[in-house]
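I would like the atomic coordinates for the input below:
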Amino acid sequence: MKKYLGIASAILITSVFVFLYAMKIGPFNNSSTNKSVEPAASITSEKTDEIDESDEKISVTAMEALLLGYEEAKKHTDEEPLLIHLTSTDDATVPQERNDGADGKRNTWNLSFGSEKGNFSISMKIDNGKVIPQNVRTDDNNLLSKGQYAISDIHIDSPKAVKQAIEELGMRSGDPEIPDDWIKGYHFTIAGYLTDPNSFEKHWLLRVMGISPNSPNSENESLRMSVFFDVKTGEMLNATEMTGYDKDGNSKWRDVEPKH
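Numbering: from 1, shown residues only. This next block holds a predicted model:
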């Protein structure tokens, strides 16, 4: 827990906002905001399937979502698809509830894969068990976002991570009845984060997002919490909770330790 110094205060949090509603929810800077120049890219397919808007909710874990996405990516390339980013989302066709994610499963995920060279990329959505490719791109000039991580190297899944966050840190779920909570239930992201303010090397982490047990504060502000796990070892590396906002409206965070 102490191997990364001053994570909550030293690392710019703005790049993380892209993943979920531009919300101020964490200390690490991830890879999604690396803007690749893609002028020569050609969109070879763009597809949005109709979703069965029934009340049935089919949910999957982070690893199950990755495997579904990997199989879809393999249909579009002979190269090995490498993960760029995965995140669960409240942008779903069925109502999202307070307990969603408590078992590590969500019914809606956004994810993207790319080739190592940068000549292929695909983004997709998983909604109620269906994989919906949204665009497939190829570029002979290798200017697309490059895939970064083989899913076979990921050795922790969302059920174990959220269980640990709840038991050791008292993390609570986002309440749909409290608009300031921003999220509904628990959410998950797998991506590359900058964990050392003196290095540009990214560390691949599984992030669990929820609400701090100390929420709300004395100003009745909802306090979010993020817990980060090394995807290779499964080790909990860091946990932070929001304490409020400064005079400029920026969220303030502090590191927290497990209860045991």
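
element containing the nearest residue in space to Asn128 that is not next to it in sequence?
Distance criterion CB to CB, 6 or more residues apart in numbering; nearest residue to Asn128, sequence neighbours excluded, is Ile58 at 4.5 Å. In short, each C-beta sits where N, CA and C put it, glycine included. Using DSSP states H and E, Ile58 sits within no helix or strand.

For Ile58, grab the count of nearby residues.
For Ile58, the count of nearby residues is 15 (other CB atoms under 10 Å).

so what's it scoring on pLDDT?
Looking at Ile58, its pLDDT is 93.

got it, and the one 3 residues further on?
For Thr61, the model assigns a pLDDT of 98.

Confirm Ala65 sits in a helix?
Yes. Assessed by DSSP: H, G, I helix; E, B strand; the rest coil, Ala65 belongs to a helix.

Report pLDDT for the residue nearest to it when sequence neighbours are not counted.
In space, and not counting its chain neighbours, Ala65 is closest to Trp109: 4.3 Å by CB to CB, 6+ apart. Looking at Trp109, its pLDDT stands at 98.

Each with direction, which strands does the helix or strand containing Trp109 pair with?
Trp109 is part of strand 108-114 when elements are defined by DSSP H and E. Applying DSSP bridges, strand 108-114 is found paired with strand 82-88 (antiparallel), strand 120-127 (antiparallel).

contacts for it?
Contacts with strand 108-114, where a contact means CB atoms under 8 Å, 6 or more residues apart in numbering, come from 60, 62, 65-66, 69-70, 73, 81-93, 120-128, 144-148.

Residues in a beta bridge with the residue nearest to the spatial centre of the chain, which ones?
The centroid of the chain falls nearest to Thr189 when counting by CA atoms, centre = their mean (1.8 Å). Counting by DSSP bridges, Thr189 forms beta bridges with Thr87, Arg207.

Please, where are all the helices along the stretch 101-250 of the chain?
158-169 (DSSP state H, counting those that start in this stretch).

For the stretch 1-150 of the chain, just list every one of the strands.
Here the stretch 1-150 of the chain has its strands, by DSSP state E, counting those that start in this stretch, at 29-30, 42-45, 82-88, 108-114, 120-127, 130-138.

Gly174: which of those strands is closest?
Taking CB to CB, strand 82-88 is the member of these nearest to Gly174, at 11.6 Å.

Strands of the stretch 151-260 of the chain, residue ranges please.
Counting by DSSP E, counting those that start in this stretch, the stretch 151-260 of the chain has strands at residues 187-194, 202-211, 224-230, 236-245, 251-255.

Against Thr89, how distant is Gly101?
Noted for Gly101: a distance of 11 Å to Thr89, by CB to CB, to the nearest Å.

which residues do those two both contact?
Jointly contacting Gly101 and Thr89 under the rule CB under 8 Å, 6+ apart are His187.

pLDDT weak spots in this structure?
For the chain, applying pLDDT under 70 flags the ranges 1-55, 260.

give me that answer again for 90
For the chain, the stretches with pLDDT under 90 are 1-57, 92-95, 179, 182, 195-197, 200-202, 258-260.

Between the strands paired with strand 108-114, which one is closest to Ser152.
If you check each of the strands paired with strand 108-114 against Ser152 by CB to CB, strand 82-88 wins as the nearest, at 10.4 Å.

Buried residues, that closest one. List them.
Of all the residues in strand 82-88, those buried under the rule 16 or more other CB atoms under 10 Å are 82-88.

what's the answer for stretch 110-124, then?
Residues of stretch 110-124 classed as buried: 110-115, 118-124 (neighbour count, 16+ other CB under 10 Å).

and what of stretch 195-203?
Those would be 195-196, 202-203, for stretch 195-203 by 16+ other CB under 10 Å.

residue contacts, the spatially closest residue to Gly210 that is not a sequence neighbour?
Nearest non-adjacent residue to Gly210, counting by CB to CB, 6+ apart: Met171, 4.2 Å away. Neighbouring residues of Met171 by CB under 8 Å, 6+ apart: 162, 165, 186, 208, 210-213, 225, 227.
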